[in-house]
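Enquirer: Give me coordinates for this.
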Amino acid sequence: MSEAPEVSGGAVVTPVRVVIALCLFAPFVAMLWVGSYAKAEPTFIGIPFFYWYQMAWVLISTALTMVAYKLWQRDQRARSSAKGGASR
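Expert: Numbers count the residues shown, from 1 in each chain. Next up is the predicted model:
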């Protein structure tokens, strides 16, 4: 008879995956906590804090998403090579 491949019991939580989750979760927390930035001061080049804070998070979110993606790629390559499979 042929042997069935091993099936993992569920998701594996590693430190890298925790960092990925934090990178993706941080922008949501920052934007949903409106009380932390619902003010006009300090202004930046005449723009009230409420607006420039949100615009700054657009750039920060982009960087964090890029970091999360690169970490995910590295994690997948490491898991693939550990199992003996070919990496992309």
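Enquirer: in stretch 60-72, what's buried?
Expert: For stretch 60-72, burial by neighbour count (16 or more other Cβ atoms under 10 Å) applies to 61, 64, 68. Where C-beta positions appear, they are placed from N, C-alpha and C, glycine not excepted.
Enquirer: and if you look at stretch 36-48?
Expert: With burial defined by 16+ other Cβ under 10 Å, the residues of stretch 36-48 counted as buried are Tyr37.
Enquirer: Distance from the chain centre to that stretch, please.
Expert: In this view, stretch 36-48 has its centroid 27 Å away from the chain centroid, taken as Cα atoms, centre = their mean, to the nearest Å.
Enquirer: residues in contact with it?
Expert: For stretch 36-48, the external contacting residues (Cβ atoms under 8 Å, 6 or more residues apart in numbering) are 30, 49-50, 52-54.
Enquirer: Now do the end-to-end distance for that stretch.
Expert: 14 Å (Cα to Cα, to the nearest Å).
Enquirer: What's the mean pLDDT across that stretch?
Expert: Averaged over stretch 36-48, pLDDT sits at 89.
Enquirer: starting at the chain centroid, how far to the helix of greatest length in the chain?
Expert: Using DSSP state H, we find that the single longest helix of the chain is helix 49-82. Computed by Cα atoms, centre = their mean, the separation of helix 49-82 from the middle of its chain amounts to 5 Å.
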